[in-house]
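K.L.:
Here is a sequence together with a model predicted from it:
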Amino acid sequence: MPNFTDRPPADDGERALPIKRTPANRPLVAAITSQEILGCNTHFFGGHTVPCEAPDCEPCSKGIPWRWHGYVGAIEQKTRLHFIFEFTAQAGDVLREFFDLHKTLRGCIITAERMHHRPNGRVVLQCKAGDLARLNLPEPPDMRACLAIIWHLPDAAAKVERGRNGKPQVTIDENERILRERIGNPDLKEPKHVN
C-alpha cells in the first residue's frame with residue numbers, strides 16, 4: 001500500500017537544477033545566482049552533451065571533437081525557476097569581462113538571444129548589474145555537485161582542473177575511476193548524458 005502525503009518531500013539536496021540553453025524563438029532573461037563560471041570540455045555524443053573525460057574518453061577515441069561549455073546558476077524572475085545556464089566560450093566572454101569588472105557574477109542580469117533566431121545560431125549575451133537588494137536570489141548552487149548528478153559522476157570524484165588551453169574542466173579522480181572499474185559497475189564506467 002502506498003504512503004500518501006499531502007505535500008512533496010523536503011528537498012533532499014540530491015537534485016540537480018535543470019539545464020537551460022538559449023532558445024531560438026525568444027530571449028532568455030535571468031539573474032545569475034552563481035559567484036563565478038564553472039566550465040569543462042564537452043562532446044556531443046549519443047545525442048547528448050557529455051563531459052570530456054580525457055585521457056580515457058570514449059568520444060575522444062572515436063574522433064569526436066570537443067568544445068568548452070560554461071555553466072552558471074540563474075533564475076528567471078517571473079517564473080522563479082532556478083536553473084543551470086549553459087553557454088559556449090564565445091558567449092561566455094561577456095560574462096568573463098563582467099566578472100573581471102565586478103569580481104562576481106551574482107546579480108548579473110543576462111539577456112541571451114540566438115542570432116537570426118535559428119536553433120543553432122550563435123548566442124549573443126548581454127550583461128548588466130542588477131540590484132541585489134531587490135532580486136531576492138536563492139543561494140548559489142554547488143555547480144560541481146549539480147553537474148556530477150546530471151552526468152552521474154560520484155560527487156567526491158568531481159574536481160576542477162586546468163585542462164586544454166588552461167581552461168577549467170571537470171574530471172574524475174583516477175583513484176575513483178580505478179575503484180569503479182574494480183567493482184565492475186558498467187553504469188559508472190560509461191560516459192553519462194545530459195538531457
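P.N.:
Right, received. Where do you want to start?

K.L.:
so where do the helices sit in the protein?
P.N.:
58-61, 89-102, 132-135, 143-150, 174-183, 186-189 (DSSP state H).

K.L.:
mind listing what's buried in the second one?
P.N.:
Translated: helix 89-102. For helix 89-102, the neighbour count (16 or more other C-beta atoms under 10 Å) marks Ala91, Gly92, Val94, Leu95, Phe98, Phe99 as buried. (Each C-beta comes from the backbone N, C-alpha and C, glycine too.)

K.L.:
In TSV: those, plus distance to Gln77 and pLDDT.
P.N.:
Formatted as TSV, these follow (distance: C-beta to C-beta, whole Å; pLDDT from 0 to 100):
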residue	distance to Gln77	pLDDT
Ala91	21	91
Gly92	22	92
Val94	20	95
Leu95	18	96
Phe98	18	97
Phe99	21	96
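
K.L.:
now, which of these sits nearest His117?
P.N.:
Closest approach to His117 among these (C-beta to C-beta): Ala91, at 15.7 Å.

K.L.:
if I pick that closest one, what's in contact with it?
P.N.:
Ala91 makes contact with Thr22, Gly70, Ala112, Arg122, Val123, Val124, Leu125, according to C-beta atoms under 8 Å, 6 or more residues apart in numbering.

K.L.:
what do you get if the cut-off is 7 Å, keeping everything else the same?
P.N.:
Contacts for Ala91 (C-beta atoms under 7 Å, 6 or more residues apart in numbering) come out as Val123, Leu125.
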